[in-house]
Each structure stands twice: as C-alpha cells, then as structure tokens.
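**Student:** Sharing a model prediction with you, sequence too.
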Amino acid sequence: MKNQSKTINQSIITMTELVLPNNTNQLGKLLGGQLMHWIDICAALCAIKHSQFICVTASVDRLDFHHSINLGDAVTLVASINRVFNTSMEVGVKVFSESYREGTRIHTNSAYLTFVSVDNDGKPVKAIQAIPETEDEKRRYEEALQRREARLKNRSI
C-alpha cells in the first residue's frame with residue numbers, strides 16, 4: 001500500500017553531472033538545453049520518489065539563469081517537492097556549478113516544474129501529500145500555492 005503522506009525531506013534528489021565538450025557551446029559554456037534536460041530528469045526523480053507513481057512533466061514554470069557554467073565544471077542539481085496539490089506537485093530545483101580545481105561553488109540556476117502522478121495507463125492519480133517541517137520548507141510550501149494560482153489564472157486567459 002502506498003504512503004498517504006511523506007515529509008518533504010524524504011524525497012530530495014541530488015544529482016551531479018560533469019560538463020564535457022559535447023555539452024557546451026563555442027564559448028565553452030554549458031548549453032541551456034542540456035541543463036534543462038538535467039533539471040527535468042532530477043525533478044522527475046524527485047516527484048517519482050515522493051509519489052511512488054510514474055510522474056510526467058506538466059509544465060516548466062520558470063528557469064532562471066544567474067551565471068554561466070563552464071566546461072569541466074561539476075553541476076550539482078538538488079530537487080525538492082515544494083507542495084502537492086491533487087494529482088500534481090511542484091518541484092523546485094537549485095543548480096550549483098563547482099570548479100573543483102578552483103574550490104568554488106556558485107548557485108547558477110533555479111527552476112520550478114509541475115509534475116502529475118499517473119497510473120500505468122497514464123491516468124492521473126491522487127498524489128501523496130507533502131509535509132513541510134523546516135521554516136524554509138514551509139516558506140516554499142506557501143509560495144508554491146501562489147505560483148499555482150498564477151499558473152491557473154494565466155491558463156484561463
């Protein structure tokens with residue numbers, strides 16, 4: 001039997017990738033599309049780990065690029081459930097670029113994605129509730145509702 005609720009901390013996914021030449025543009029910077037791919041995978045794993053069902057990407061709300069990422073950097077992505085609604089859930093992903101040679105770590109990107117839990121036939125199913133515990137988790141939980149309301153408002157326009 002599936003769990004009825006989980007703490008947010010139980011579903012965090014951390015993923016690390018190495019930026020190789022085939023991941024970069026002519027300036028030796030990570031391609032935005034490659035980073036988007038990694039973000040989607042990391043967020044999907046988080047949603048699946050939380051819901052215990054297959055989860056499909058419903059939307060990418062926002063993806064901010066704060067700093068470029070260089071060839072040879074390690075990219076660490078941290079995905080966490082922000083809030084669960086009925087069949088959908090918002091996942092936040094923070095991206096960090098690390099140069100092990102220079103000993104630096106920079107927050108380069110943030111993204112919000114919405115996933116829907118589905119059964120084996122692709123039909124939406126009720127998602128497991130997420131329980132925020134820390135102050136940061138509670139803040140993200142409340143902000144996720146505001147973003148959802150904005151998404152629904154924009155969808156009706």
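**Tutor:** Good, I have the coordinates.
**Student:** so what's the closest residue to residue 12 other than its chain neighbours up against?
**Tutor:** Nearest in space to residue 12, with sequence neighbours left out and distances taken as CB to CB, 6 or more residues apart in numbering, is residue 80 at 5.1 Å. From N, CA and C alone the C-beta is placed, and that goes for glycine too. By CB atoms under 8 Å, 6 or more residues apart in numbering, the contact set of residue 80 is 8, 11, 12, 13, 46, 91, 92, 93, 137, 140.
**Student:** And for stretch 57-72, what's in contact with it?
**Tutor:** 18-21, 23-24, 28-30, 32, 35-36, 39-40, 43-44, 75, 88, 90, 95, 97, 99, 101, 106-116, 147, 151.
**Student:** List the buried residues in that stretch.
**Tutor:** Within stretch 57-72, the residues scored as buried using 16 or more other CB atoms under 10 Å are 58, 61, 63, 69.
**Student:** which sections of the chain are below the confidence cut-off?
**Tutor:** Scanning the chain for pLDDT under 70 picks out the ranges 1-3, 157.
**Student:** which helices and strands sit right next to the lengthiest helix in the chain?
**Tutor:** Taking DSSP state H as the criterion, the chain has its longest helix at helix 135-156. In terms of contacts (3 or more CB pairs under 8 Å, 6 or more residues apart in numbering; DSSP states H and E), helix 135-156 is packed against strand 54-65, strand 74-84, strand 88-99, strand 104-118.
**Student:** Buried residues, it. List them.
**Tutor:** For helix 135-156, a neighbour-count test (16+ other CB under 10 Å) marks 137, 140, 141, 144, 147, 148, 151 as buried.
**Student:** Adding distance to residue 156 as columns, could you present the contacts of residue 80 in TSV?
**Tutor:** Putting the contacts of residue 80 into TSV (distance: CB to CB, whole Å) gives the following:
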residue	distance to residue 156
8	29
11	30
12	33
13	32
46	28
91	23
92	24
93	27
137	29
140	25
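**Student:** which among these end up buried?
**Tutor:** 8, 11, 13, 46, 91, 92, 93, 137, 140.
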